[in-house]
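Student: got a sequence here, can you build the structure:
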Amino acid sequence: MDIETILAEFSSSNSVILLLAVFVIVLVLLGVRIVPQSEKHVVERFGRLHSVLGPGINFIVPFLDRVRHKISILERQLPNAQQDAITTDNVLVQVETSVFYRILEPEKTVYRIRDVDGAIATTVAGIVRAQIGKMELDEVQSNRSQLISQIKASVEDAVDDWGIEVTRAEILDVNLDQATRDAMLQQLNAERARRAQVTEAEGERRAVELQADAELYAAEQAAKARRVSADAEAYATEVVAKAIKENGIEAAQYQVALKQVEALIKVGEGEGKQTVLLPSTALDAFGDAFQMLKGRK
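Tutor: Residues are numbered from 1 along each chain as shown. The predicted structure is shown next:
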């Protein structure tokens, strides 16, 4: 065997090895799938669903299995949508909504619905109209959180077969036509005027009540004063009567004379009075008082 034959055989064997190595590399590349954290891959075998690959390293059978769909599992937001609805009190409102969702089961989403966003938007529009049709305008505006909860629950039930989770549903705005706004403004102004009149009437009533309470309090105090004065007079009368009973008429004469003396003293103490004119009987009063005082001593 010459050198050329040996080199030919060696070259041929190296080519086979090289081809085998390339084939193995191709098999590895085709059989190993690295799925990002934010995705799930749907694998088909002979055109049918075979498996769903989660995040990380996954292995499939080359040439038999094929990654058909790469589905993002991140939360998504539908474009803001506006739809008309009529309340139970026949008011036309325009509701602006926003919905957030994410795909949990890609195999359901891929094989059961074609346009996910369009299907969810249509479902939300119908549910919003149905829920608002059960409420009055005041309830729609005051119980927005309850309305959002009802819409979210209804949408979740509707999209459950699609492998989708509705994470949030928001009502961004509730708009009214101009005629309804004008009517509500008139109603609001009338309500404010009514409240002002009620407040003014309550203030006047309260003022009358306070005035009546003040007059009643003054009357009660005057009555108490008269009662105290009457009690004092009664007590003085009782004392005098008791003294007369115990000491005779002299005690009464003594009290009268003493009062006369006190009155004359007050007259003499007045400002600017240099001369005091006394009746002739005043001297007798002084004499009687001093005599009785002396007798007391």
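
Student: residues near Ala218, how many?
Tutor: Counted by other Cβ atoms under 10 Å, the residues lying close to Ala218 total 10. C-betas here are computed from N, CA, C, even on glycine.

Student: again, but for the one 10 residues further on
Tutor: Using other Cβ under 10 Å, the number of residues around Val228 comes to 10.

Student: what strand or helix carries it?
Tutor: helix 178-247 (DSSP states H and E).

Student: by contact count, what packs against that helix?
Tutor: Packing partners of helix 178-247 (3 or more Cβ pairs under 8 Å, 6 or more residues apart in numbering; DSSP states H and E): helix 249-268.

Student: now the helix it packs on: average pLDDT?
Tutor: Average pLDDT, helix 249-268: 61.

Student: stretch 132-141 now?
Tutor: On average, stretch 132-141 scores 84.

Student: now do stretch 192-204
Tutor: Mean per-residue pLDDT for stretch 192-204: 85.

Student: quick one on the thing from earlier: report the distance from the helix holding Val228 to the chain centre.
Tutor: 39 Å (Cα atoms, centre = their mean, to the nearest Å).

Student: kindly report the same for stretch 46-61.
Tutor: Distance, centroid of stretch 46-61 to centroid of chain: 51 Å (Cα atoms, centre = their mean).

Student: now do the buried residues in that stretch.
Tutor: Buried positions in stretch 46-61, judged by neighbour count with 16 or more other Cβ atoms under 10 Å: His50, Val52, Leu53, Asn58, Ile60.

Student: check contacts around His41.
Tutor: Arg33, Val35, Val52, Leu53, Asn58, Val67, His69, Lys70, Ile71 (Cβ atoms under 8 Å, 6 or more residues apart in numbering).

Student: dump these into JSON lines; add secondary structure and distance to Pro106 as well.
Tutor: As requested, those are exported to JSON lines (DSSP: H, G, I helix; E, B strand; the rest coil; distance: Cβ to Cβ, whole Å):
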{"residue": "Arg33", "secondary structure": "strand", "distance to Pro106": "14"}
{"residue": "Val35", "secondary structure": "strand", "distance to Pro106": "11"}
{"residue": "Val52", "secondary structure": "strand", "distance to Pro106": "6"}
{"residue": "Leu53", "secondary structure": "strand", "distance to Pro106": "10"}
{"residue": "Asn58", "secondary structure": "strand", "distance to Pro106": "14"}
{"residue": "Val67", "secondary structure": "strand", "distance to Pro106": "12"}
{"residue": "His69", "secondary structure": "strand", "distance to Pro106": "7"}
{"residue": "Lys70", "secondary structure": "strand", "distance to Pro106": "9"}
{"residue": "Ile71", "secondary structure": "strand", "distance to Pro106": "4"}
